[in-house]
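S.K.: pasting a predicted model and its sequence here:
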Amino acid sequence: MTLLRMFAVQTKMHFVWYFRRDGEMMFWTLAMPVFFLVLFSFAFSDGPNARSSSFLVPGIIGAQVLSSGFWGIGVMLATFREKHLLRRVYLTPMPPWVFFASLVTYRIALLATQAIILIAAGGLIFHVRITGNPLEILAILVLGTATFVSLGTIIGALARTTESANNIASVLTVPLAFLSDAYVPIDRFPHAVAATLRLLPSTQFIDTFRDVAIGGAALSHYGAWLAVLGLWTFAGMAISARTFRWV
């Protein structure tokens, strides 16, 4: 079997496993971001709802990227290990990088679906407009996904059980979602706090994504932040490679 076919088969198996194990969660995975968009658009609105919605659509998409890495990948890997599925993968002739590349592709596909639904809901309900270059929007979305998937694999590498992986993912995802300019503008925090929060890779990703998608900014203006996200990606990959256990 060629590497490309291995990759395609493994990616398909991730979707099959997801639907069989958490098929009922698919609805909530796709519906809850829209619910949060409507809820927070009205709750945080200080003027026309389109203004708050334009802030929230990319913010919620960014929060889903965090969740996808920490919960979607970290917890998934811990579950695979607990059920001895990783051991079966390790015993196959498939190279490890193909397995992890298929994980990234699988999560990007789910995120793309969530993003399309959120953008459509924002446009239909609140008249949110996406003005950025589609290729640049895709590029920052892929980089952000790769960053937090690589960090999520550290959870999957270190957590011994699904329960512990869930706890770690919760501790990371919930605070970061609310402290990284996803739901609440960090400009409302004191200046020193806001300046510190802008150093978080999650804030840098979400702000870049928002400015490119909604503001129409050029991705090249965020070269420093893109470099930082790239460093986080490679750091996560390096740590995972040294600590990951297949059994």
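M.R.: Nice, I can see it.

S.K.: other SSEs contacting the helix or strand hosting S240?
M.R.: Taking DSSP states H and E as the definition, one finds S240 inside helix 223-243. Secondary-structure packing of helix 223-243 (3 or more C-beta pairs under 8 Å, 6 or more residues apart in numbering; DSSP states H and E): helix 134-158, helix 201-213. All C-beta atoms are positioned from the backbone trio N, CA, C, and that covers glycine.

S.K.: next one: the shortest one to chain centre, how far?
M.R.: Computed by C-alpha atoms, centre = their mean, to the nearest Å, the chain-centroid distance of helix 201-213 equals 12 Å.

S.K.: buried stuff in that helix?
M.R.: 201-213 (16 or more other C-beta atoms under 10 Å).

S.K.: try the first one
M.R.: Under the neighbour-count criterion of 16+ other C-beta under 10 Å, helix 134-158 has 136-137, 140-141, 143-158 buried.

S.K.: in TSV: the buried residues of helix 201-213, plus distance to S52.
M.R.: As requested, the buried residues of helix 201-213 are exported to TSV (distance: C-beta to C-beta, whole Å):
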residue	distance to S52
P201	25
S202	20
T203	19
Q204	22
F205	20
I206	15
D207	16
T208	20
F209	17
R210	13
D211	17
V212	19
A213	16
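
S.K.: from the residues you listed, pick the one nearest A109.
M.R.: F209 (17.7 Å; C-beta to C-beta).

S.K.: confirm for me that the closest one is in contact with E136.
M.R.: No - with contact defined as C-beta atoms under 8 Å, F209 does not count as touching E136 (9.9 Å).
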